[in-house]
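In: generate coordinates for the sequence data below:
(chains A and B)
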Amino acid sequence: AQSVTQPDIHITVSEGASLELRCNYSYGATPYLFWYVQSPGQGLQLLLKYFSGDTLVQGIKGFEAEFKRSQSSFNLRKPSVHWSDAAEYFCAGPEMNRDDKIIFGKGTRLHILP
Amino acid sequence: DTGVSQDPRHKITKRGQNVTFRCDPISEHNRLYWYRQTLGQGPEFLTYFQNEAQLEKSRLLSDRFSAERPKGSFSTLEIQRTEQGDSAMYLCASSSTGPPSLFFGSGTQLSVL
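Out: Below you'll find the predicted structure:
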């Protein structure tokens, strides 16, 4: 069963605007969760991760994400996007009842308007 | 730390040929993963190793796919009798034990003609 879902296939925002990419998860216990970014033809780069503790996680490139157990969400945010943020973003987490196998959402393609 | 490296970056082959890809993980990482990614999709789990032991292979993988990790260092992924449906990006990632933070290579883009 899919453990993480990304409801938005494409998101378009204007340069300088704020951004929020959605990720929902399904677990019994507190999960650990990740956000990755992928530029065309490249591998995936880890933006940030949540394991436990503070539910607001800071990452690279000015990104942050907040773990909300009540909403089963781990949304990625950035207060002001730059044209270079245009890429594919993937939420990831462990398969149900596993801690060694990471599965990925289908991704959200971010488009930036000048 | 040189990161995860994959070779080749691109591979074009004819249907029915065998291909082999190589992955060199981050040296201190004992886990190594292979994923496959097609256009517009997220990475799909194929198999993973802890040291030299292959601990899981996806049920989605046919018997034409095999992976090895001799001595727990680099890994190879071989596809025999390639088919057009094998065309994809093949990604390798490594991590240390525990909740895995995966570090990815740049991938091998396979095109089967």
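In: make it CA atoms for all contacts and neighbour counts henceforth
Out: Noted.
In: so which residues of chain B form strands?
Out: When secondary structure is read from DSSP state E, chain B shows strands at B:5-7, B:10-13, B:19-24, B:31-37, B:44-50, B:53-57, B:65-68, B:75-79, B:88-95, B:103-104, B:108-112.
In: buried residues of the second one, list them for me.
Out: Neighbour counts using 16 or more other CA atoms under 10 Å in any protein chain shown place B:11, B:13 of strand B:10-13 among the buried residues.
In: who's in contact with residue 31?
Out: Assuming you mean chain A. For residue A:31, the residues meeting the contact criterion (CA atoms under 8 Å, 6 or more residues apart in numbering or on different chains) are A:51, A:93, A:94.
In: nope, chain B please
Out: The contact partners of residue B:31, taken as CA under 8 Å, 6+ apart, are B:48, B:49, B:50, B:51, B:94, B:95, B:96, B:97.
In: swap in residue B:30?
Out: With CA under 8 Å, 6+ apart as the criterion, the residues that contact residue B:30 are B:49, B:50, B:51, B:72, B:94, B:95, B:96, B:97.
In: tabulate the residues you listed in a markdown table, adding columns for distance to residue A:36.
Out: Supplementary listing: the contacts of residue B:30 in a markdown table, determined by distance: CA to CA, whole Å:
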| residue | distance to residue A:36 |
| --- | --- |
| B:49 | 22 |
| B:50 | 23 |
| B:51 | 25 |
| B:72 | 26 |
| B:94 | 14 |
| B:95 | 15 |
| B:96 | 18 |
| B:97 | 20 |
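In: now which of these would you call buried?
Out: The buried subset of the contacts of residue B:30 (16+ other CA under 10 Å) comprises B:49, B:50, B:51, B:72, B:94, B:95, B:96.
In: as TSV, the residues you listed with distance to chain A and pLDDT would be great.
Out: As requested, those are exported to TSV (distance: CA to the nearest CA, whole Å; pLDDT from 0 to 100):
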residue	distance to chain A	pLDDT
B:49	10	94
B:50	10	92
B:51	13	92
B:72	17	84
B:94	11	95
B:95	10	93
B:96	10	89
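In: now, among those residues, which is nearest to residue A:40?
Out: Looking at these and their distance to residue A:40, the nearest is residue B:94, at 20.9 Å (CA to CA).
In: ok, now which ones touch the closest one?
Out: When contacts are counted by CA under 8 Å, 6+ apart, residue B:94 touches B:4, B:25, B:26, B:29, B:30, B:31, B:32, B:33, B:102, B:103, B:104.
In: residue B:34 and residue A:45: what is the separation?
Out: Using CA to CA, to the nearest Å, we find residue B:34 at a distance of 15 Å from residue A:45.
In: who's more crowded, the two?
Out: Here residue B:34 and residue A:45 are compared on neighbour count by other CA atoms under 10 Å in any protein chain shown; more neighbours surround residue B:34, at 24 against 19.
In: gap between that one and residue B:51?
Out: 14 Å.
In: the nearest residue to residue B:8 once chain neighbours are set aside - how many residues pack around it?
Out: The spatially closest residue to residue B:8, leaving aside those adjacent along the chain, is residue B:108, at 5.9 Å (CA to CA, 6 or more residues apart in numbering or on different chains). Residues near residue B:108, counting by other CA under 10 Å, number 25.
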